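> I need the structure of the sequence given here:
(one chain, ligands or ions: 3)
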Amino acid sequence: MEENLRFAMAWWHNLCATGVDMFGAGTADKTFHAEPGTMEHAKAKVDAGIEFMQKLGIKYYCFHDADIVPEDPVDINETNRRLEEITDYLLEQTKGTGIKALWTTANMFSNPRFMNGAGSSNSADVFCFAAAQAKKGIELAVKLGAQGYVFWGGREGYETLLNTDMKLEQDNVAQLFRMARDYGRKIGFTGDFYIEPKPKEPMKHQYDFDAATAIGFLRKYGLDKDFRMNIEANHATLAGHTFQHELRVSAVNDMMGSVDANQGDLLLGWDTDQFPSNVYDTTMAMYEILKAGGLRGGLNFDAKNRRPSNTPEDMFVAFIVGMDTFALGLIKAAALIEDGRIDSFVKERYASYETGIGKEIREGTATLESCAAHAAALKAPADPGSGQQEYLEGVVNNVLFASSC
Ligand code: XLS
Ligand code: CA
Ligand code: CA
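Numbers count the residues shown, from 1 in each chain. Ligands and ions are numbered 1, 2, ... in the order given. Modelled structure (predicted):
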């Protein structure tokens, strides 16, 4: 179970976010007895984070550069110096604990300079700031032994096509990825680069809309050997897909990488980043992950407590519920695979491709003429057979609720 459930704590939600929203102030105290915006506070967050992870047995964390130190308002050299100082401290404090980074990333969406995007900005100066932050972020990934480096295209998209050169923007995003890949490999980063698809928010339209779009993008620009998907459940539903769909698209394209484990609210059209509690969803997610041979990355709880759940106890409970929901999902997914009814149904459903003309189609030896000749010889309506969806949904319910584990 441990191997399949490499849980990670997201620095930004757990140690930084206080519940501020556009209608009201924070409700949770994340000062950890230090003055926010100082390096003392940055260190207090490291201490609190390590204590939290140790108490829960969580071995991994993920962060944006801006989550772990206050950014200097004008001088990126000073920000980088702080990043070195805090990661030295992080390494020192985690020594002997087994706790390490799962992935690192750069916040290329909060600072006002990124209002028109980072790699996709209309400004070459802004592009260079994005490059500088990615450079540092990859260096930190190497320093902390992270398995991945994430690009979430927060503002890589547009608000209106009236002011947008889409081709130039997409070419530039690819150029940034290429530079990151080349630099990473040069300095010894052997892990995966990840794209985290999301269709919208904050932009009206984001270029990494969903897994299929991101994979097509990577292939177009020849980046598919170094990049994989970091699939977030909430982003999947925002794109009008299920979490399972996005994982399946990644798996069949050999692009499964890591997961941001959360859930959205289907009645709301935005990214609520809730802790996962839906066992049906985690079962189907773990089903995809197990069938794909496991994750190279892990399960990062990119999730935050609801604004009124504002105590430290609520933070612990949320992680415990999230971990239990995935653990039960893993058990049930393994049971579904062992049960075998779904697999054997699917195999049987496509059996016509195992022999005769079907086999020839699969092997690429059939032609349009040979298929047409096959159809002409049938002289009967072709019957693909029942899809038996209700039966299969019953199988899932049966494995979820009727058997003991
Ligand atoms: C925002 C994203 C973000 C990424 C990392 O919606 O989920 O937090 O995971 O930049
Ligand atoms: Ca995420
Ligand atoms: Ca999110």
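> the residue lying closest to V317 once chain neighbours are set aside and ligand 1: what is the separation?
Nearest residue to V317, sequence neighbours excluded (CB to CB, 6 or more residues apart in numbering): S309, at 8.0 Å. Placement of C-beta: from N, CA and C, glycine included. Distance, S309 to ligand 1, using CB to the nearest ligand atom, to the nearest Å: 19 Å.
> does S309 touch A318 like I think?
Yes - counting by CB atoms under 8 Å, S309 touches A318, with 7.0 Å between them.
> the two: who's more crowded?
The neighbour comparison of S309 against A318 (other CB atoms under 10 Å) goes to A318, with 22 against 16.
> circling back: please, which helix or strand holds the residue nearest to V317?
S309 belongs to no helix or strand when assigned by DSSP states H and E.
> tell me the backbone dihedrals of it, please.
Here is the backbone geometry of S309 (degrees, to the nearest 10): phi -90, psi 80.
> any stretches of the stretch 251-400 of the chain with poor pLDDT?
For the stretch 251-400 of the chain, no stretch is flagged by pLDDT under 70.
> all the helices of it, in order from the start?
Ranges of helices in the stretch 251-400 of the chain, per DSSP state H, counting those that start in this stretch, are 279-291, 312-339, 341-349, 356-363, 368-378, 389-397.
> those: which one's closest to G137?
helix 312-339 (24.9 Å; CB to CB).
> what's the angle between the closest one and helix 389-397?
With axes from the mean of the first three to the mean of the last three CA atoms, to 10 degrees defining the directions, helix 312-339 sits at 120 degrees from helix 389-397.
> quick one: helix 312-339 to helix 341-349, angle?
Going by the same axes, to 10 degrees, helix 312-339 makes 50 degrees with helix 341-349.
> may I have the host helix or strand of N77 as CSV, with CA atoms only?
Using DSSP H and E, N77 maps to helix 76-94. What follows is helix 76-94, C-alpha atoms only, in CSV (Å, rounded to 0.1, in the frame of the first residue of the first chain):
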residue,chain,number,x,y,z
ILE,A,76,15.0,38.1,-7.8
ASN,A,77,18.6,37.6,-6.7
GLU,A,78,17.5,38.2,-3.1
THR,A,79,14.5,35.8,-3.5
ASN,A,80,16.9,33.2,-4.8
ARG,A,81,19.2,33.7,-1.9
ARG,A,82,16.2,33.2,0.5
LEU,A,83,15.3,30.0,-1.4
GLU,A,84,18.8,28.6,-0.9
GLU,A,85,18.6,29.5,2.8
ILE,A,86,15.2,27.9,3.4
THR,A,87,16.0,24.7,1.4
ASP,A,88,19.3,24.4,3.4
TYR,A,89,17.2,24.6,6.5
LEU,A,90,14.6,22.2,5.1
LEU,A,91,17.3,19.6,4.3
GLU,A,92,18.8,20.0,7.7
GLN,A,93,15.5,19.6,9.5
THR,A,94,14.3,16.6,7.4
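> which helices and strands sit right next to it?
Counting contacts by 3 or more CB pairs under 8 Å, 6 or more residues apart in numbering; DSSP states H and E, helix 76-94 is packed against helix 39-56, helix 65-68, helix 124-144.
> between the ones you listed, which gets nearest to ligand 3?
helix 65-68 (14.1 Å; CB to the ion).
> can you tell me which residues in the chain are near ligand 3?
Within the chain, the residues that sit near ligand 3 (CB under 5 Å from the ion) are D271, D273.
> got the residues of the chain near ligand 2?
E232, D260, D302.
> for whatever residue of the stretch 51-200 of the chain ends up closest to ligand 1, name its beta-bridge partners.
Nearest to ligand 1, among the residues of the stretch 51-200 of the chain, is W152, at 3.5 Å (CB to the nearest ligand atom). Beta-bridge partners for W152, by DSSP bridges, are E196.
> so how far is H41 from the residue nearest to V317?
Using CB to CB, to the nearest Å, we find S309 at a distance of 23 Å from H41.
> could you do E246 as well?
Taking CB to CB as the measure, E246 and H41 are separated by 36 Å.
> do A132 as well
24 Å.
> what is the neighbour count of the closest residue to ligand 3 within the stretch 201-350 of the chain?
With CB to the ion as the measure, D271 is the residue of the stretch 201-350 of the chain nearest to ligand 3, at 4.3 Å. Other residues within reach of D271, judged by other CB under 10 Å, total 19.
> show me which residues of the stretch 101-250 of the chain sit near ligand 1.
T105, V150, W152, E196, K198, E232 (CB under 6 Å from any ligand atom).
> let me see the confidence value for the last one.
At E232, the predicted lDDT confidence score is 98.
> quick check: closest non-adjacent residue to it.
In space, E232 is closest to D260, 3.5 Å off (CB to CB, 6+ apart).
> surely the one you found touches A233?
Yes - in this structure D260 lies within contact range of A233 using CB under 8 Å: 7.0 Å.
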